[in-house]
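[1] sequence first, then the predicted structure, then my questions.
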Amino acid sequence: MSFSIRISRETEPSFCTNCYTSFDSARALRNHRRNCRVPILNEDQDVEMEEQPPVETTLIQPQSPPSALVTANSDHANQLHDDDAMSDIEEMIPAADDADYDYAGFEQTPGAADLLPIVDNNGDNPEEPGLEFDLLNVKYKTVGVVDPDAEDQACFYDCRSLEDINQNTYTTTELVSIELYDIVNDFAIPRDAYRKLVRLMNTVLRDTEKISRESNPEIMHGPRVQSMLQRQSSLTSHEYDVCINGCKLYALEVDDEETICNICSHERYDARGDHRALSTMKVMSIGDIVSRLVANSITREELRYRHAYDNRDLEENPSDVIIADVFDGATYKSIKNTHFTNDLDIAVAIMNDGFVVEKRGDRLFTIIHLMVFNYDPHKRYKEEYTHELCIFPGKKKPKSFDSFISIILAELQWLSTYGMVVETNDAGPIRLKVHPLICGGDTPAVFDWSKCAHHASEYGCRWCLSRGMHPDNRSHGMYFPNAGSMRTNEDYERAESNLGFNGVSLFNQLSSCIAPQCFGFEEMHTLARGVGSELFEMLTVDRSPNNTKFFYTYPDGELERENYPFFIPKQRLFEIGKAIEDTRSYIPVAFDGSFLNLVEKLRGTRSVDYLDNLLTIIPTLFVPELASPQARKAIMKLVRGVCLALQWEFTESRLAEIDECIDFFIDYCKTQRDAMCLSLSVFRPVMHQLTHVVWMIREMGPIVAYSSRSQERSIGKFGDLITGKSRRGKQSSNLIEIVAIRNQLKRIFDSNEFLQGIRPQPYASTTYLNHPESLTSSQLWEPNQEETNLDHHFGFDGTDRAELHGVPIARFKRALSKYYCRIFSLQRLNSPLSMTIKVAHRALIGSTVIGSEIYREKMHEFRRSNHLVMFRSTHLNRLNHPVSCWFVSRVIFFFQHVYDGSTYFLAFVETMKNHGVASHDRSVPFVRMNEPVEQQIARRVPRVIDPKYAVISIDDVEMQVGLVKSLDNDLHFSVIANYHAFEQDMSIDAGDIRNL
């Protein structure tokens, strides 16, 4: 319902618009209006309502006042409808008289709304309630009709045309559709699942004849499907007795006679005397999993990646890259000749982590996750390529953690020492071994594995013997400003308690696990959740009065606030938070973070949010607000070091730069601490561990190669699947087996081939274009079926106009002509330029899908920007030498064009007006966007600046980028890229649009 209201004010005299009584003051008029209820709305003064085309509606309005009353006041009424007079009247009464009245949401429509009653709830008499809406004057929409001239003012509804709904109204498929619709809504099934169900059911209808030829065809329920899959895979779990409170796992044979838990004293078996354990846990055998993978020819070939990588020909493809996978690490190389002697010998990582399924859940689930390194790095992190071995059933972390993992590590030790033989149908017996290289997880999880260096202990680093210190003039907390000598494998074997050990790790018995490097550097928890969150706290100390731990504390307890080097005022922090939200619409979906306002709300922040904040937001929005140039440089060095450490490929120079960046930040913090400007609290264990990242990369390969991201995704999946309210431990164990079987079957056969016709194909031959001459590996996606001839001035909608997606065709022709002149180094084209193109909405460039402006409009998706790119263009400088420069632009559309007999895959882009670097650091690209022409016209600028359009080759695109809006200018943006470290001085080859 919509209506309009306008408040008219006058002072001498003041009239009541209901009864036209005159008053001497506005206050007397307001008091009178509380009791005046006479509406005087004329028929010819109807308030305009919003149109709703599907249904004819009638505007119900109050009855008109007696004509004599309107006539007697016609002069006053005319005055109210005079626009000039109205503006004068509105200025007569001071705004303070009605300052508390809320006009928000009211649409100001001139006309009869001027005569609607005015209600003031802030009068002098508080005993009389105010009337905000006079129902006699409130208009509403309805299908019914009221005849204003009839005596009977009842609303009339004609329902004779309504359809008579009976058993013949709906077809069978329509009834099934309604039933499915109700099921989906009753159980809140996601929309994507709804679409897949509809497609599946349509396929069943389509293949009715094929299904009818089967004997007794039926769709099976879940338990029968599970039994069928288990039978086909022959993969099964193994049950172990565990304490009902989750204290321990009863070892086979050793604890067979034990009937009471020696930790909590609870009974092991059911009191009914059937010798059945009260609680059991299902565990997947590593040997069972590996044997099925080796037995199948498809998965077997995928497992040969390690052998092929070790035997690649480095002389044919020379490179400065010395580390690109775990198999380039010094630890693997030291045991390769003794442990990996067979083609199919397998290297694995084992991880553990705890999770809850509710925000305030009182039950902690601990999952054991297995990652296989023998797969290609682009595959090994995917769900079907990873394996969950078990979920501990206890409500809390088990008291005897070793009792649970002992059965897993015992199998690993056997498979590593004696190996396994798999008898296959097509390749005969195959001998191989399985060797664990890395055990990881978050910091507490690694402590469970290593039994060394709890992060709050005096020797809190698991890699070195750095000794912790209490912060200045405080007696709590351990911090690590100094490096120590590296721990050795012998230290872990001796496990001396005075060096931070809490026992001997079971991994010491595995010959392929060489401590301390086997307890890996985990990027999600150490860098993202660790360094990322700490740096955010350091920069937002003014956000919370309780965040004082980074301030230096004097002996008398006073805090050093004035000289704190990383201080940003609270008001500026809130502006940064608002800018983060405004920036989200300029960020591609390839970024993992959600780019929410972390300044105002930290609860629920994920590790990837902290990481994206560390790599993109802090260097572009936070750092420029720091007063100290050295503090800005220190933060930028830290961010760059972290970004470089997250790469896949490393050269000697890159490793040296990482060390230099991290050392600079650590040394700066030490200097500030010595100057009593910064607390020792900045040297948390995660910040200290950052100093070992290069050593870990040299020993174990890229830290992203064994990241726990795959484990976090598995936790997310099992968190959604565990829905029971009771016996959740039993459900979680069952899910381990169900998911393992399904993932194994997904790998054995090509699902697209076997499910063709049931699972809709994601693409067809008409949905993409390969280059006809194979001059590029890039593809054009979603091309138009018909070519567009611009000589006829046809737009995309087939209308005769001289614009192409809002761009004058003449400007497109000019940009296309300049492109060919650039690449052929010509002043003018020698051959005529064809104006026939085939437009595409997206493009696959490398492994990245780039969108376009027309794709955004087609999908109505404006929350993110997947069409922003950084590209390079080459031109001749004044010395006639070719110069390559970078530019940032938004892609309007992609297209195929033929020139001089050759086919080109091109993109039509709008380029930023200026390209340079940020004032606080030259490694941050900075651009200025052209102000929209409409805004320039509205501002009445002396000279309107048009956008800069250009045509580029899609192979000139270097990467997809995002833009971070400046705090001080809506047209200024910093350029960011996903996990990409720009050159240290981007100003050297910043582009000038005059060269396009």
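    On my side now, so go ahead. The structure presented is a predicted model; accordingly, all values stated were derived computationally and were not measured.

[2] list the buried residues for the longest strand along the chain?
    Secondary structure of the chain per DSSP state E: the longest strand is strand 882-899. Residues of strand 882-899 classed as buried: 885-897, 899 (neighbour count, 16 or more other CB atoms under 10 Å). Any C-beta I mention is one placed from the backbone N, CA and C, and that applies to glycine too.

[3] stretch 347-363 too?
    Within stretch 347-363, the residues scored as buried using 16+ other CB under 10 Å are 347-355, 357, 363.

[4] let me know the closest of the residues you listed to residue 369.
    residue 351 (4.5 Å; CB to CB).

[5] returning to what we had before: Throw the buried residues of stretch 347-363 into TSV and include pLDDT, secondary structure and distance to residue 673, thanks.
    Output for these, formatted as TSV (pLDDT from 0 to 100; DSSP: H, G, I helix; E, B strand; the rest coil; distance: CB to CB, whole Å):
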residue	pLDDT	secondary structure	distance to residue 673
347	97	strand	42
348	97	strand	42
349	96	strand	37
350	96	strand	39
351	94	strand	35
352	92	strand	35
353	91	strand	33
354	88	strand	34
355	89	strand	37
357	86	coil	42
363	82	coil	42
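
[6] and the furthest pair within those?
    Using CB to CB, the buried residues of stretch 347-363 span at most 33.8 Å, a distance reached by 347 and 363.

[7] ok, back up a step: among the buried residues of stretch 347-363, find me the one that's closest to residue 534.
    Closest to residue 534, out of all of the buried residues of stretch 347-363 and judged by CB to CB, is residue 353, at 20.3 Å.

[8] I'd say the closest one and residue 441 touch.
    Yes - taking CB atoms under 8 Å as the definition, residue 353 is a contact partner of residue 441 at 4.8 Å.

[9] overlap in contacts of the two?
    708, 711 (CB atoms under 8 Å, 6 or more residues apart in numbering).

[10] what packs against the host helix or strand of residue 871?
    Using DSSP states H and E, residue 871 sits within strand 868-876. If contacts are counted by 3 or more CB pairs under 8 Å, 6 or more residues apart in numbering; DSSP states H and E, strand 868-876 sits against helix 809-823, strand 882-899, strand 902-911, strand 948-953, strand 957-965.

[11] nearest to residue 701, out of those?
    In terms of CB to CB, the element of those nearest to residue 701 is strand 957-965, at 24.1 Å.

[12] and the closest one, what does it pack against?
    With 3+ CB pairs under 8 Å, 6+ apart as the test, strand 957-965 has helix 570-583, strand 848-850, strand 868-876, strand 882-899, strand 972-977 packed against it.

[13] contacts made by that strand with the rest, please.
    With CB under 8 Å, 6+ apart as the test, strand 957-965 has contacts from 579, 582-583, 586-588, 590-591, 616-617, 620-621, 845, 848, 850, 865-866, 868-872, 886, 888, 907, 927, 972-978, 980.

[14] please convert the helices and strands packed on strand 868-876 to TSV, extending it with distance to residue 267 and mean pLDDT.
    Shown next, in TSV, are the helices and strands packed on strand 868-876 (distance: least, CB to CB, whole Å; pLDDT from 0 to 100):
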stretch	distance to residue 267	mean pLDDT
helix 809-823	81	92
strand 882-899	68	95
strand 902-911	71	95
strand 948-953	74	95
strand 957-965	59	96
